[in-house]
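> all I have is the shape, not the residue letters:
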């Protein structure tokens, strides 16, 4: 009888080892990480799942003067790029200009004089690139995004930000599902840089701004990699009344 009890204890300990000590995680069914309960990788883990050729990682480099996302982009392509302002403001000329970063021919250049009335309309000068003509872009094959950025010291913006528009942060008019407190996209603040500098951001590190916008559930960008819609660079006065010179460049935009 003692031997039977000993065998029972050994089996129980072994089973526990198989379920817990060997990589399994006990989680509530239906939770964000429920797949880990069976020792499986999190399907939303921020890891490249395919070996994407370099030319299929390129989103846009503007070299041929095109205002569309590269047709070779893995999982998408063909989305429209545009530069715009609102609140009575207009850009100074076409946003495709030369020279580009690293000796390339062309880049995107957003410039002009921005007037902010301080009336909570938050006008901005924006470069926006849609990843596809319509629908969501699946970025789960990639781990992050990088681009070259230049913002000379004559730029007087009080806020400079790069953002990734996703389904839960954009309203239906922009292809998203947000109904209130929209446009708080996942993104990063930018600063002036007189020369071209490469900015590189892992999806796991890109956050939304705190203090405004509707909640996004689940809260991380890595939970929404299959719901990308567009990319945005915006310089503004952040609702501080006055007139400001805006001047920034973007080039060589790609996933990695």
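Good, I have the coordinates. Just so it is clear, the model here is predicted, and its values are computed rather than measured.
> return the backbone torsion pair for residue 101.
The phi/psi pair for residue 101 (degrees, to the nearest 10) reads phi -70, psi 150.
> got the contact list for it?
107, 148, 150, 196, 249, 251-252 (Cβ atoms under 8 Å, 6 or more residues apart in numbering). Where C-beta positions appear, they are placed from N, C-alpha and C, glycine not excepted.
> list just the nearest of those residues to residue 75.
residue 252 (19.3 Å; Cβ to Cβ).
> buried sites along whichever strand or helix holds that closest one?
According to DSSP states H and E, residue 252 maps onto strand 242-255. Neighbour-count burial for strand 242-255 flags 244, 246-255 (criterion: 16 or more other Cβ atoms under 10 Å).
> got it, and stretch 218-231?
Buried, per 16+ other Cβ under 10 Å, within stretch 218-231: 220-225, 227-231.
> quick check: residue 62 vs residue 186, distance?
Applying Cβ to Cβ, to the nearest Å, the value for residue 62 to residue 186 is 24 Å.
> and if you look at residue 88?
Taken as Cβ to Cβ, the span from residue 88 to residue 186 is 29 Å.
> looking at these two, which is more packed in?
residue 186 (25 against 10; other Cβ atoms under 10 Å).
> which residues touch that one?
For residue 186, counting by Cβ under 8 Å, 6+ apart, the contacting residues are 163-164, 166, 169, 206-208, 221, 224.
> so which of these belong to strands?
If you go by DSSP state E, those have 163-164, 166 in strands.
> want to try a markdown table for those residues, with neighbour count, pLDDT and distance to residue 93 as columns?
As requested, these are exported to a markdown table (neighbours: other Cβ atoms under 10 Å; pLDDT from 0 to 100; distance: Cβ to Cβ, whole Å):
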| residue | neighbour count | pLDDT | distance to residue 93 |
| --- | --- | --- | --- |
| 163 | 22 | 98 | 24 |
| 164 | 26 | 98 | 27 |
| 166 | 27 | 98 | 31 |
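> what segments of the stretch 1-150 of the chain are helices?
Applying DSSP state H, counting those that start in this stretch to the stretch 1-150 of the chain gives helices spanning 2-16.
> any idea how far residue 179 lies from residue 226?
20 Å.
> now residue 212
25 Å.
> so what's the residue lying closest to residue 167 once chain neighbours are set aside up against?
The shortest distance from residue 167 to any non-neighbouring residue, by Cβ to Cβ, 6 or more residues apart in numbering, is to residue 227 (3.9 Å). Residues counted as contacts of residue 227 (Cβ under 8 Å, 6+ apart) are 136, 166-168.
> for burial, what's the neighbour tally of residue 184?
Neighbours of residue 184 using other Cβ under 10 Å come to 20.
> ok, now which ones touch it?
By Cβ under 8 Å, 6+ apart, the neighbours of residue 184 are 169, 208-209, 212-214.
> and these, which are buried?
Here, 16+ other Cβ under 10 Å leaves 169, 208, 213 buried among the contacts of residue 184.
> doesn't residue 181 make contact with the first one?
Think residue 169. No: the criterion here is Cβ atoms under 8 Å, and residue 169 misses it with residue 181 at 9.2 Å.
> how close does residue 184 sit to residue 101?
29 Å.
> hmm, back to that, partner strands of the strand holding residue 252 and their direction?
strand 58-60 (antiparallel), strand 107-116 (antiparallel), strand 144-151 (antiparallel) (DSSP bridges).
> can you name every helix or strand that the helix or strand where residue 235 lies contacts?
Element membership for residue 235, per DSSP H and E: strand 228-236. If contacts are counted by 3 or more Cβ pairs under 8 Å, 6 or more residues apart in numbering; DSSP states H and E, strand 228-236 sits against strand 107-116, strand 124-130, strand 144-151, strand 159-166, strand 242-255.
> and the angle from the longest one to strand 159-166?
Strand 242-255 runs at 40 degrees relative to strand 159-166, counting by axes from the mean of the first three to the mean of the last three Cα atoms, to 10 degrees.
> including distance to residue 156, could the buried residues of stretch 218-231 go into a markdown table?
Below are those laid out as a markdown table (distance: Cβ to Cβ, whole Å):
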| residue | distance to residue 156 |
| --- | --- |
| 220 | 34 |
| 221 | 30 |
| 222 | 35 |
| 223 | 36 |
| 224 | 33 |
| 225 | 35 |
| 227 | 34 |
| 228 | 31 |
| 229 | 30 |
| 230 | 26 |
| 231 | 24 |
